Structures are given as structure tokens and as C-alpha cells.
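Peer 1: predicted model, plus sequence, below.
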Amino acid sequence: MPPNASVIIFDDNADLRKTLREYLQSGGHIVIGEAGSINELERFLAHLKQGTLPTEPVVATLDNNAPWDDGEAPDPRGVGRAAERKIKAAIEKVTTIATTTAGSEKVGYGDYRFNPEAGMEGLSGFIDALPAKER
């Protein structure tokens, strides 16, 4: 995937979202949205559907430790899986990256997995190395 990928960040930790944004932007990517909960993600996707965003994300980073919103029926596989399902329903050609320290057999979501213990600064290069999805 070339630099300048449009990215949405899904993580409940505001400090981590800020760090991810900084690393991604310094790597030439464009962060077009952030969500810290399923409700925030749904609002972002509604804006996307209404055409009020300048571009559609091609990459979404997903955290599985975000809390469930009140009234949300928890997915037994985790909030990251639920977020991925909502994103993929709204955006046809999006690549999802599970940002998790869990082994892939424990995650159950994400087209790719990135372990932040390797250093979040590596995420931009990780995205650069992804194959581009046809548009």
C-alpha cells in the first residue's frame, strides 16, 4: 500500500490514539477519523455514508480492549471484532489491522495483526508494506 493511506483509528485509549496519529502522519499517512467506542465509530461511519468526509479510509486499526457502550450487545469475540464488522459493512475495500499483543489464534479479527510491543513507530511501515486492494 503506498504512503498516504487514509486511516481510521479505533482505540479507547485517547493517549494511544494520539500516538498512533502522530506516527501515522509522520509516515505520510492521513488519519481521517478516530473512534474510542462503538458509538463514536457508528457516528464516524454515518458521516462517511452521508459523504461529509473528504475521503474513504483504506486502513482501519482496531483495538479489542475498548469497553462496550451502554446498550450494546457484546460480541463474544470482542469489541475489535464488532468494530471490524461495522467498518467492513460500511466500507467495501478496507484493510483492517488488529493492534494487539495477543497471539493470532486468540484475536479472531483483522486482516492483519500488528503487535504494538514491537514499537508503534513501526505501524506506518507496516501499512506501507500491505498490498493495495483494488479500487
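Peer 2: Now that the structure is in, tell me what you want to look at.
Peer 1: start and end of stretch 100-119, how far apart?
Peer 2: 12 Å (CA to CA, to the nearest Å).
Peer 1: pLDDT of it, averaged?
Peer 2: Average pLDDT, stretch 100-119: 72.
Peer 1: one more: stretch 40-57?
Peer 2: Per-residue scores along stretch 40-57 average to 85.
Peer 1: try stretch 11-27
Peer 2: For stretch 11-27, the per-residue pLDDT averages 89.
Peer 1: ok, and what's touching stretch 40-57?
Peer 2: Under the contact criterion CB atoms under 8 Å, 6 or more residues apart in numbering, stretch 40-57 has outside partners 6-8, 10, 30, 32-35, 83, 86-87, 90-91, 94. To be clear about C-beta, it is placed using only N, CA and C from the backbone, and glycine gets the same treatment.
Peer 1: ChimeraX command for the buried members of the residues you listed?
Peer 2: The ChimeraX selection below is limited to those of the contacts of stretch 40-57 classed as buried (16 or more other CB atoms under 10 Å):
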select :6,7,8,10,32,33,34,35,83,86,87,90,91,94
